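>>> prediction below, plus the sequence it came from.
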Amino acid sequence: MVDVISIGAATVDIFVKSKDFVVNNNLLSLAYSSKSEITQSLICSGGGATNSSVSFSRLGLKSACISLLGQDPLSQYVLNDLKTDSVDSQLLSRLSSETTDFSVVLVAPDGGRSILTQRGHTSLEEKHLDWSALQTAKWFYISSLEGNLDLLEKLIGFALENNIKISLNPGNRELQKLNNLIPLLSHIDFLLLNRAESELLTGFDPESEKFASKLNSFGAKITAVTNGREGAHIFTKDNTFYSPIINTDPVDETGAGDSFGSAFVAALIHGLLPQDALHWAIKNSASVVSYLGAKPGLLTLNQIRNAS
């Protein structure tokens, strides 16, 4: 039996941070034709599926990862990181004719970042999944499927048939298909959105008195709305909970959403109430943004229980 199977993207992330990056008028820039020093760098695996599966494993759960990789040198970064954190990678699929997706993450001095992504043809499809193996899961943690709502619907139906709980963190491509996405949300146990995504979904600003009722009308049992350095809200049918962020000096904000969502679900699996799961999520995301990359700062079970 596996506690959580994370389903979604696997990438290799190349992080570059420089004191010479300039943030001005919402633009991250570097002087044209300049030669600048890199102050910090990292090459590691990324993507919602690998980030969350590593987080679940560190939080004391048996986790597995379902993604699609190429058979190239980049794929070894993904496989090595999963092995290091005891994530079951047997459900990964690999395409010999494709390269693994990768991103170059340009990190500003304040921890904000801009991302350049190279996507090949490694998006998951129904044929890539070992459906019999999925029956062993207690939870599915589904992140971006690159707009493949047919696969999302299939996964939700499979989960319902096999009494598997579902967490969903939809990507931009899923949110571009609201008419098809919204009917699926009533089957979701935990829905993770950021502020912009929640506004797109509801049509309301979070400050609107209609926002919470509209969000709850979609039927997800628990919905989280994160708002960067403004903290996060949790919405259930009967209650709303809020937590500010933990004061920290951000090094890199990559992976904040993955760390938040995975810690929240892990807390639920460990038997915590939503308001307490929110505190786990805030602690994990605060730790992650204190490091370069989405995985180095992920907390262990002992660390998250003891973190102030």
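Thanks, I have it.

>>> please make it C-alpha for all contacts and neighbour counts, starting now.
Will do.

>>> now stretch 294-303, how far from the chain's geometric center?
The offset between the C-alpha centroid of stretch 294-303 and the centroid of the whole chain comes to 14 Å, using CA atoms, centre = their mean, to the nearest Å.

>>> just the CA coordinates of it, formatted as PDB?
Extracted in PDB, the C-alpha atoms of stretch 294-303 (Å, rounded to 0.1, in the frame of the first residue of the first chain):
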ATOM      1  CA  ALA A 294      12.300  23.300  -4.600                       C
ATOM      2  CA  LYS A 295      13.600  20.300  -2.600                       C
ATOM      3  CA  PRO A 296      16.600  21.200  -0.300                       C
ATOM      4  CA  GLY A 297      14.300  23.000   2.200                       C
ATOM      5  CA  LEU A 298      11.600  20.400   2.400                       C
ATOM      6  CA  LEU A 299      11.100  19.500   6.100                       C
ATOM      7  CA  THR A 300      11.200  16.000   7.700                       C
ATOM      8  CA  LEU A 301       8.300  14.800   9.900                       C
ATOM      9  CA  ASN A 302      10.300  15.600  13.100                       C
ATOM     10  CA  GLN A 303      11.300  19.000  11.800                       C
END
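
>>> check which residues of it are buried.
Buried residues in stretch 294-303, defined by neighbour count with 16 or more other CA atoms under 10 Å: 294, 295, 297, 298, 299, 300, 301.

>>> ok, stretch 194-211 next?
Judged by neighbour count using 16+ other CA under 10 Å, the buried positions of stretch 194-211 are 194, 195, 197, 198, 199, 201, 202, 204, 206, 211.

>>> these in helices, which ones?
Within the buried residues of stretch 194-211, membership in helices is found for 195, 197, 198, 199, 201, 202, 211, as judged by DSSP state H.

>>> max pairwise distance over those residues: which two?
With CA to CA as the measure, no two of these lie farther apart than 197 and 211, at 12.6 Å.

>>> so what would you say the end-to-end distance of stretch 246-263 is?
Distance between the boundary residues of stretch 246-263 (CA to CA, to the nearest Å) amounts to 15 Å.

>>> and the average pLDDT for that stretch is what?
Averaged over stretch 246-263, pLDDT sits at 90.

>>> of the buried residues of stretch 194-211, which is the nearest to residue 171?
residue 197 (8.9 Å).

>>> distance of the closest one from residue 266?
In this structure, residue 197 and residue 266 are 23 Å apart, going by CA to CA.

>>> thinking again about what came up before, quick one: the buried residues of stretch 294-303 as TSV, columns for distance to residue 24 too.
Formatted as TSV, the buried residues of stretch 294-303 follow (distance: CA to CA, whole Å):
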residue	distance to residue 24
294	25
295	28
297	28
298	30
299	33
300	37
301	39
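
>>> now, which of the residues you listed lie within helices?
Taking DSSP H as the definition of helices, those contribute residue 301.

>>> just flag the most distant two among the buried residues of stretch 294-303.
Maximum pairwise distance in the buried residues of stretch 294-303, criterion CA to CA, is 17.3 Å, between 294 and 301.

>>> the spatially most central residue of the chain is in what secondary structure piece?
The residue lying closest to the centre of the chain (CA atoms, centre = their mean) is residue 258, at 2.8 Å. For residue 258, the element it lies in under DSSP states H and E is helix 256-269.

>>> and that helix, how far from the chain's centre?
Using CA atoms, centre = their mean, the offset of helix 256-269 from its chain centre is 9 Å.

>>> so which elements touch that helix?
Other helices and strands packing on helix 256-269, by 3 or more CA pairs under 8 Å, 6 or more residues apart in numbering; DSSP states H and E, are helix 48-58, helix 274-288.

>>> if you set the cut-off to 10 Å instead, what comes out?
Contacts defined by 3 or more CA pairs under 10 Å, 6 or more residues apart in numbering; DSSP states H and E place helix 256-269 against strand 2-7, helix 48-58, strand 137-142, strand 165-168, strand 190-194, strand 222-226, helix 274-288, helix 301-306.

>>> so in this protein, where's the weakest helix or strand by average pLDDT?
For the chain, counting by mean pLDDT, DSSP states H and E, strand 93-95 ranks last in confidence among helices and strands (a mean of 87).

>>> in its sheet, what does that strand sit against?
In its sheet, strand 93-95 lies beside strand 68-70 (parallel), with partners assigned from DSSP bridges.

>>> helix/strand/coil for residue 114?
Using DSSP: H, G, I helix; E, B strand; the rest coil, the structure places residue 114 in strand.

>>> next, the contact list for the residue lying closest to it once chain neighbours are set aside, please.
Ranked by CA to CA, 6 or more residues apart in numbering and with sequence neighbours excluded, the top spatial neighbour of residue 114 is residue 106, at 5.3 Å. For residue 106, the contacting residues are 14-18, 21, 28-29, 41, 112-116, 252, by CA atoms under 10 Å, 6 or more residues apart in numbering.
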